[in-house]
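Peer 1: Sharing a model prediction with you, sequence too.
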Amino acid sequence: MFDSQNPDQWEFPSDAVMCNAFRKLLVMRCVRPDKLVPSVSKFIVDYVGEKYVKPPAFDLANVYLESRSTTPLVFVLSPGSDPLKALLKFGESKNKRPDPISLGQG
């Protein structure tokens, strides 16, 4: 498992009967912590469902309907994403001017 390129697909020996899926995650955490996130994602998909690992589609119109003038909209972004153009375009369609504030590097 340690030397495998795909340790999340590695098969445990057949005599490891006490090793259920959760315990395999514990072993993965100890032996290959670099592959724990994909292993946990696979575990969630297998036992709970894929909808719990896929982010929902972002709908700016729906977010706007649920917002209030006293509550700011806060976007938590992943590296490389930039919703500012879409936000400005949406603001134009509503005859509004958003006031964006960057809280980090820009």
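Peer 2: That came through, no problem. Residues are numbered from 1 along each chain as shown.
Peer 1: the strands in the chain, which residues?
Peer 2: Counting by DSSP state E, no segments of the chain form strands.
Peer 1: which residues in it form helices?
Peer 2: Under the criterion DSSP state H, the chain carries helices at the ranges 21-31, 36-47, 60-66, 84-93.
Peer 1: Adding mean neighbour count, write those out as CSV.
Peer 2: (Each C-beta comes from the backbone N, C-alpha and C, glycine too.) Listed next are the helices of the chain as CSV, based on neighbours: other Cβ atoms under 10 Å:
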stretch, mean neighbour count
helix 21-31, 14
helix 36-47, 14
helix 60-66, 11
helix 84-93, 12
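Peer 1: okay, the ones you listed in JSON lines with mean pLDDT and distance to Ser102 next?
Peer 2: As requested, the helices of the chain are exported to JSON lines (pLDDT from 0 to 100; distance: least, Cβ to Cβ, whole Å):
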{"stretch": "helix 21-31", "mean pLDDT": "90", "distance to Ser102": "36"}
{"stretch": "helix 36-47", "mean pLDDT": "92", "distance to Ser102": "28"}
{"stretch": "helix 60-66", "mean pLDDT": "84", "distance to Ser102": "18"}
{"stretch": "helix 84-93", "mean pLDDT": "86", "distance to Ser102": "9"}
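Peer 1: can you tell me which of those helices comes nearest to Glu11?
Peer 2: helix 21-31 (10.0 Å; Cβ to Cβ).
Peer 1: Next, report how far the closest one is displaced from the centre of its chain.
Peer 2: 21 Å (Cα atoms, centre = their mean, to the nearest Å).
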